[in-house]
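>>> Give me a model of this one.
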Amino acid sequence: MVEVPVRSSYAAYTRHVNPTVGRFLELSGRDTHFVSARGTTLFDEDGLGYQDWVAGFGSSNLGHNPEILKETIRQHLALDAPNLFPDWLNPYSGELAVRLTQLLPGFSSCFFVNSGSEAVEAGIKTALLSTGRSRIVYADRGYHGTTLGALACMGASPYRVNLEAALPPFREVPFGDLSALEGALSEDGGAAAFLLEPVQVEAGVRIATRDYLEGARRLCDRHGALLILDEVQTGMGRTGSMFAFEQTGCRPDILLAAKSLGGGFLPIGVALFAEGLWERAYSGLLQAELLSSTFGGNALACRVALKTLDLIADPAFLARVRESGEELFGDLTEALRGCPAVERISWLGLLGGIQLREPAHPSLRWESFGLPELSGRPISGALLVERLARKRILVQVCAHDWSVVRIEPPLTVDRQSCRDFVEAVRDAVSWLADHG
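Residues are numbered from 1 along each chain as shown. Alright, predicted model coming up:
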């Protein structure tokens with residue numbers, strides 16, 4: 001029988017995996033020892049339940065440990081099928097590719113990887129090779145991953161500090177600014193692609209308008225550039241449709257997905273390419289080997305991804321996501337209406353953010369908490385995270401804007417949990433308004 005981790009295993013994380021993060025969690029009182037998870041709840045070693053409103057940053061759209069996916073894993077393992085197909089035909093990735101291209105007409109080929117960052121890397125590489133151009137244009141404050149190619153498209157952030165010399169000189173433009181985009185696409189011989197998230201979650205849940213996406217599509221066509229949409233976090237039902245772009249009709253040339261494609265169990269990502277792109281970029285045998293991944297598209301991950309797609313692509317499931325989002329954010333907007341601590345609320349489907357104003361109280365500064373290295377960053381979001389943690393509700397700030405608390409529960413969250421969440425947020429924000 002497999003035993004739950006012992007206390008020394010949690011201490012080992014801080015000592016051997018990420019000492020800085022481990023110590024920060026200890027300092028902030030968030031070093032909880034979680035031992036199990038079911039549905040939308042995480043349980044600590046004392047059996048206390050915590051409501052999960054982070055969902056693995058969109059990886060656990062179906063909740064934790066859904067039985068139907070566990071059964072899929074058991075059935076597949078009983079086959080004793082090969083899991084890796086390093087230089088052979090892989091029927092499992094073939095089946096998954098068929099399913100994805102059926103769900104998303106206009107895409108003809110798929111490259112499977114293990115993460116969102118790897119999917120971004122594949123998209124960048126394919127755009128460069130298929131166009132023969134050397135520049136990617138990306139929107140400011142975007143978040144595309146921390147591998148080097150993806151980091152070159154990471155909007156102005158500390159993630160790039162001391163790494164600039166190793167990054168390609170890609171071009172940043174303001175999010176939502178079509179004039180700036182046209183200038184960047186046309187200069188210096190043209191760009192290979194424009195890389196964009198339909199919802200910039202880490203920038204504070206900034207939602208691209210239909211006009212902006214349609215305009216970006218027209219400009220890319222006009223200047224011979226590809227449009228790459230990064231839906232690693234917004235895909236797989238999160239916004240109330242399988243992918244956010246489907247709500248606008250603005251179809252990209254390359255679509256990137258990951259996170260919840262693996263159902264919260266297995267790492268898998270994919271770059272989907274429009275008709276003809278694969279042939280343009282990888283026409284020769286040696287050229288085709290430029291896209292390769294030992295574990296990308298492994299049999300077990302593909303089987304889980306297929307079952308995940310069956311569940312999430314169900315029209316009834318997506319309708320429930322839309323209904324839940326409308327009720328949740330409608331109630332939240334009403335509960336926080338007129339609160340002086342709240343700047344704005346933005347949302348799409350079951351993805352949203354609450355932007356908070358900074359407290360005026362001189363003691364509510366990072367220096368007061370022994371963290372002077374965070375001076376200059378907003379503290380309002382972190383304060384709300386801490387207040388909700390006291391009620392065993394888990395939320396997190398956006399990576400590029402710590403004044404915004406993200407709202408990203410599993411898509412299976414029930415109405416009562418949503419109502420409890422709204423009540424807890426109202427109380428916590430009221431405390432911030434009274435003490436800030």
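>>> list the contacts for R7?
Neighbouring residues of R7 by C-beta atoms under 8 Å, 6 or more residues apart in numbering: H33, E45. C-betas here are computed from N, CA, C, even on glycine.
>>> Show me where the stretch 301-436 of the chain has its helices.
Using DSSP state H, counting those that start in this stretch, the helices of the stretch 301-436 of the chain run over residues 315-336, 380-389, 415-435.
>>> The stretch 1-150 of the chain now?
7-12, 19-27, 55-58, 67-77, 91-103, 116-131, 148-151.
>>> For the ones you listed, could you give me TSV that also reports mean pLDDT and distance to R419?
Listed next are these as TSV, based on pLDDT from 0 to 100; distance: least, C-beta to C-beta, whole Å:
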stretch	mean pLDDT	distance to R419
helix 7-12	87	33
helix 19-27	84	29
helix 55-58	97	18
helix 67-77	98	26
helix 91-103	98	33
helix 116-131	97	32
helix 148-151	94	38
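>>> Buried deepest among those, which one?
Stretch with highest mean neighbour count among the helices of the stretch 1-150 of the chain: helix 116-131 (a mean of 24; mean count of other C-beta atoms under 10 Å).
>>> Just name whatever secondary elements that helix is in contact with.
Judged by 3 or more C-beta pairs under 8 Å, 6 or more residues apart in numbering; DSSP states H and E, the packing partners of helix 116-131 are strand 107-113, strand 136-139, helix 148-151, strand 193-196, strand 226-230, strand 254-257, strand 269-274, helix 277-281.
>>> Would you list the strands that the second one pairs with, along with their directions?
The sheet places strand 136-139 alongside strand 171-173 (parallel), strand 193-196 (parallel), with pairing taken from DSSP bridges.
>>> what about the ones you listed, which gets the closest to A78?
Closest approach to A78 among those (C-beta to C-beta): strand 193-196, 41.2 Å.
>>> so how far is R222 from S134?
According to C-beta to C-beta, to the nearest Å, S134 and R222 sit 20 Å apart.
>>> Out of the two, name the residue with the larger neighbour count.
S134 (14 against 11; other C-beta atoms under 10 Å).
>>> doesn't A193 make contact with the more buried one?
No - contact criterion C-beta atoms under 8 Å: S134 and A193 do not qualify, at 11.1 Å.
>>> How about E45, nearest residue that isn't a chain neighbour?
Nearest non-adjacent residue to E45, counting by C-beta to C-beta, 6 or more residues apart in numbering: H33, 4.7 Å away.
>>> can I see the domain layout of the chain?
Annotated domains of the chain cover 7-65+315-435, 69-312 [automatic domain parsing].
>>> most packed of these?
Per residue and on average, the most neighbours among the domains of the chain fall to domain 69-312, with a mean of 20 (mean count of other C-beta under 10 Å).
>>> end to end, how far does that one reach?
12 Å (C-alpha to C-alpha, to the nearest Å).
>>> Same question for stretch 32-44.
Using C-alpha to C-alpha, one end of stretch 32-44 lies 7 Å from the other.
>>> roughly how far apart are the residue lying closest to S36 once chain neighbours are set aside and D52?
Nearest residue to S36 in three dimensions, chain neighbours excluded: F43, at 4.7 Å (C-beta to C-beta, 6+ apart). Note on F43: its distance to D52, by C-beta to C-beta, is 11 Å.
>>> which residues do the two both contact?
The contact sets of F43 and D52 overlap at A37 (C-beta under 8 Å, 6+ apart).
>>> What lies in contact with stretch 29-47?
4-5, 7, 10, 14, 22, 25, 49-52, 63-65, 386, 389, 394, 409-410, 412-414, 417.
>>> that older thread, would TSV of the helices and strands packed on helix 116-131 with distance to W366 be doable?
Putting these into TSV (distance: least, C-beta to C-beta, whole Å) gives the following:
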stretch	distance to W366
strand 107-113	37
strand 136-139	28
helix 148-151	25
strand 193-196	32
strand 226-230	31
strand 254-257	34
strand 269-274	34
helix 277-281	46
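>>> Relative to R303, which of the ones you listed is closest?
Smallest distance to R303 across those (C-beta to C-beta): 12.6 Å, for strand 107-113.
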